[in-house]
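> the following comprises the amino acid sequence and a computationally predicted model.
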Amino acid sequence: MTSDTETIEIERLRAVRDLQLLDTPAEADFDELVYLAAQICDAPISLMSIVDADRAWLKASVGLAVRETSRRVSFCAHAIQQAGLFVVEDARLDDRFSGNPAVTGDPGVRFYAGMPLVLPDGHAIGTLCVVDTVPRTLTETQKGALTVLAKQLISRIVMRVQQRSLEAALAEKDRIAAELRTSDERFQIFMDNGPFVSYIKDADGRMVYYNRRFAQQFRVSPDQWIGLLDDQIWPEEMARTFRENDLSVLQGGDPIELTERTPGPDGQTLSWRSYKFPCRDRNGILLLAGISLNITNELEREQALQDTLRDKSQLTEELEARKHIMQKFMEHSPNTMFVKDDRGRYVFYNAEFAKTVGIDRTEWIGRSDDEVFPQEAAERYMAEDLRVMETEQTLEFTDEVRDAGGALHRFHTIKFTYNDVDGRKLLAGVTADMTEQVNREEALEKANLQLEQLATTDSLTGLFNRRVFESRAAIEFASARRSERALSILVMDIDHFKRRNDTYGHAAGDAALQTVGKILNGCVRMGDMAARLGGEEFGFLLPDTKASGAMGLAFRIQTALSKQVQGPSPLTVSVGVCSMTEEIESWEQLLRRADDAMYEAKRSGRNRVVHHDSLVESAVGPAGSPAIFLESGAAARG
């Protein structure tokens with residue numbers, strides 16, 4: 001724990017160093033007073049000492065060649081502990097100094113009188129002292145003179161500090177003024193060379209400023225529209241809309257972002273992404289500022305809105321006001337903004353940039369991408385910058401970056417070059433966070449896919465529904481008939497399904513449907529289609545498949561079904577098959593014949609496969625039971 005004495009000494013030493021007197025050359029202001037002290041006191045030696053941590057440094061001296069002495073043997077170190085004049089009339093008789101090397105050796109000190117030099121804040125920084133080699137005393141006049149001279153030294157020290165502070169203040173004032181001028185010039189260059197139009201209106205809606213690109217876009221002179229109202233510039237309906245938007249900002253006090261349209265110089269309609277916000281000049285007068293980016297081409301191509309530059313601008317004749325407007329543009333911009341010099345070092349970035357990458361407002365100033373980003377990202381950014389700097393062409397691109405919290409953001413970035421007032425080529429960049437828009441588009445696409453799936457798929461079995469089956473059947477029938485290719489349809493029905501539901505409940509029925517759906521999905525080849533046609537009935541569409549292939553698939557389905565773990569009762573299906581022939585005129589007829597064959601399978605005892613045609617006279621089912629082949633016929637379900 002630091003004692004009070006140690007604390008006082010620490011503060012005293014800080015005051016000594018703040019004076020910036022240690023180790024400085026001799027100065028007439030101090031030399032004159034020290035000389036005068038020697039003359040008044042008739043002393044061969046007179047000193048102005050500054051007591052440091054371990055030495056007494058002599059700022060001015062008469063009669064002594066050295067510039068400093070050890071604090072351990074210094075009389076002045078004792079003098080600064082006193083409230084007034086410290087006098088030693090005969091050092092040989094004083095126990096504190098009788099063994100002091102300055103007494104026993106050169107210069108042979110016998111007499112010492114030192115007046116502490118005390119600053120206005122109470123810190124004693126050193127002494128004004130006179131020294132003699134013989135014992136003696138001082139007269140009251142001499143003592144008074146030392147007191148006065150010490151005060152004069154302190155006054156000159158204080159004046160020196162004040163002068164230094166004044167010079168520093170003046171230098172800082174000059175620096176700030178120069179910075180303001182440069183900032184204003186850079187601001188104007190930036191605004192005139194940016195890929196956007198910017199403007200400022202007064203509270204009545206009169207145009208008080210617009211940038212060079214604005215004038216070029218609408219083919220007017222730099223001051224042609226200054227002082228005009230919207231209804232003097234734009235068509236009536238557009239002017240009314242602009243004024244309503246402006247009043248909403250001025251009265252609400254909040255920035256707005258919106259899409260606006262203006263007539264172009266060639267009669268076309270231009271679309272703009274505009275950002276408007278309120279601001280005040282240095283006199284407190286309310287103004288409306290805005291920037292707009294031409295998005296006409298993007299809207300015409302039905303693309304996502306391009307990044308818009310969200311600077312804020314205000315033009316006044318005063319440098320301070322112009323800098324204030326520039327800062328307002330940057331502070332309110334919803335986009336990240338940065339400027340780099342020709343060596344790739346950051347010379348500016350706004351608050352949104354700092355927030356996005358998780359840094360403070362000055363942390364990256366003077367640093368380049370390879371010092372702050374991972375190597376892969378840094379190399380990419382530097383390659384982009386080099387391309388823009390070499391070609392002097394605007395570069396637009398999209399990028400994906402993770403922020404300080406690890407969240408993935410999608411950005412749209414514009415990079416371009418411009419020259420500052422010193423002729424240096426700078427690279428500026430503006431980046432808009434498109435994450436929310438892209439996420440909305442992806443969510444919409446996902447929702448559309450889900451809706452499409454719901455519209456085409458049976459939710460219980462995962463198979464296609466009847467509507468999709470019939471649509472595909474019509475296409476495949478027309479194709480098979482045109483190219484004289486084979487086509488078969490299987491229709492199958494779960495045996496005793498109603499009894500299963502009534503006896504074991506609908507859960508058991510749903511489980512049976514899902515089991516059949518799983519088996520059919522496993523049997524689907526490339527180009528085939530399995531679907532749930534309704535209730536417990538399923539359909540299988542088999543392009544390029546003749547009767548024998550269709551029958552083989554039906555038996556494989558029954559075999560796979562027999563190997564399933566059975567529930568409360570055996571799970572079997574009755575299957576009807578029909579293959580394409582010349583007399584079949586439509587897919588509906590083909591489906592009806594397959595359905596007729598399925599009814600025949602159920603009438604004949606269920607767990608059967610029946611083909612509508614008499615291509616084969618008999619076959620054996622998966623359990624050894626005869627499969628029936630009928631030319632035609634239908635029976636009511638049992």
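Structure received. Numbers count the residues shown, from 1 in each chain.
> which stretches of the stretch 251-400 of the chain form helices?
Remark: helices assigned in the stretch 251-400 of the chain by DSSP state H, counting those that start in this stretch are 296-300, 319-332, 351-357, 369-372, 375-391.
> pairing partners for the host helix or strand of Gly539, with directions?
Here Gly539 sits within strand 537-543, counting by DSSP states H and E. Here strand 537-543 has these sheet partners by DSSP bridges: strand 487-494 (antiparallel), strand 529-534 (antiparallel).
> C-terminal to that strand, what's the next element?
helix 547-562.
> could you list the buried residues of that next one?
Burial within helix 547-562, assessed by neighbour count using 16 or more other Cβ atoms under 10 Å, is assigned to Ala547, Ala550, Met551, Leu553, Ala554, Phe555, Ile557, Gln558, Ala560, Leu561. Bear in mind the C-beta positions are built from the backbone N, C-alpha and C, glycine included.
> the spatially closest residue to the fourth one that is not a sequence neighbour and Glu536, how far apart?
With sequence-adjacent residues excluded and distances taken as Cβ to Cβ, 6 or more residues apart in numbering, Leu553 is closest to Cys523, at 6.4 Å. Applying Cβ to Cβ, to the nearest Å, the value for Cys523 to Glu536 is 18 Å.
> of those two, which one has the most company?
Neighbour totals were compared for Cys523 and Glu536, and Glu536 leads with 20 against 14 (other Cβ atoms under 10 Å).
> quick check: the more buried one touching Asn501?
No: applying Cβ atoms under 8 Å as the test, Glu536 and Asn501 come out as separate, 9.1 Å apart.
> which neighbours do the two have in common?
Here Glu536 and Asn501 have Gly509 as joint contacts, going by Cβ atoms under 8 Å, 6 or more residues apart in numbering.
> looking at this structure, which helix or strand does the model trust least?
Lowest on mean pLDDT, DSSP states H and E among the helices and strands of the chain sits strand 619-620, with a mean of 37.
> Met115 pairs with what?
The partner residues for Met115, given DSSP bridges, come to Leu128.
> give me the neighbour count for Arg136.
16.
> how close does it sit to Lys201?
For Arg136, the distance to Lys201 - Cβ to Cβ - is 86 Å.
> so, low pLDDT: which residues of this protein?
1-2, 180, 182-184, 302-332, 403-404, 438, 440-455, 565-566, 614-638 (pLDDT under 70).
> residue ranges of the strands in the stretch 51-200 of the chain, please?
Ranges of strands in the stretch 51-200 of the chain, per DSSP state E, counting those that start in this stretch, are 55-62, 68-70, 86-88, 111-118, 124-132, 197-202.
> so how far is the second one from its chain's centroid?
What it means is strand 68-70. 59 Å (Cα atoms, centre = their mean, to the nearest Å).
> repeat that for stretch 54-73.
That offset, for stretch 54-73, works out to 60 Å (Cα atoms, centre = their mean).
> please enumerate residues in contact with it?
Contacts for stretch 54-73 (Cβ under 8 Å, 6+ apart): 21-24, 26-27, 30-31, 33-35, 38, 43-53, 74, 76-77, 100-102, 107, 126, 131.
> quick revisit: going by distance to His496, which of the buried residues of helix 547-562 wins?
Leu561 (13.9 Å; Cβ to Cβ).
> so what's that closest one closest to, chain neighbours aside?
That would be Ile519: by Cβ to Cβ, 6+ apart, it lies 5.8 Å from Leu561.
> so what's that neighbour up against?
Ile557, Ala560, Leu561, Gln564.
> for the buried residues of helix 547-562, give me CSV that also has distance to Arg380.
Shown next, in CSV, are these (distance: Cβ to Cβ, whole Å):
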residue, distance to Arg380
Ala547, 62
Ala550, 58
Met551, 62
Leu553, 55
Ala554, 59
Phe555, 60
Ile557, 55
Gln558, 60
Ala560, 54
Leu561, 57
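> which residues touch Ala83?
Pro116.
> rewinding a little: CA atoms of the strand holding Gly539 as PDB?
Provided in PDB are the C-alpha atoms of strand 537-543 (Å, rounded to 0.1, in the frame of the first residue of the first chain):
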ATOM      1  CA  GLU A 537     -55.800 -48.500 -54.100                       C
ATOM      2  CA  PHE A 538     -52.400 -48.000 -55.800                       C
ATOM      3  CA  GLY A 539     -51.200 -47.600 -59.400                       C
ATOM      4  CA  PHE A 540     -47.900 -48.400 -61.100                       C
ATOM      5  CA  LEU A 541     -47.100 -46.800 -64.500                       C
ATOM      6  CA  LEU A 542     -44.500 -48.900 -66.400                       C
ATOM      7  CA  PRO A 543     -43.200 -47.300 -69.700                       C
END
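> rewinding a little: inside helices: which ones of the contacts of stretch 54-73?
Among those, the residues falling in helices (DSSP state H) are Phe30, Asp31, Leu33, Val34, Tyr35, Ala38, Cys76, Ala77, Pro101, Ala102.
> let's see the distance spanning stretch 223-240 from one end to the other.
End-to-end distance for stretch 223-240, by Cα to Cα, to the nearest Å: 23 Å.
> next, the buried residues of it.
Buried residues in stretch 223-240 (16+ other Cβ under 10 Å): Trp225, Leu229, Asp230, Ile233, Trp234, Met238, Ala239.
> how far out from the middle of the chain is it?
37 Å.
> next: stretch 594-612.
Distance, centroid of stretch 594-612 to centroid of chain: 68 Å (Cα atoms, centre = their mean).
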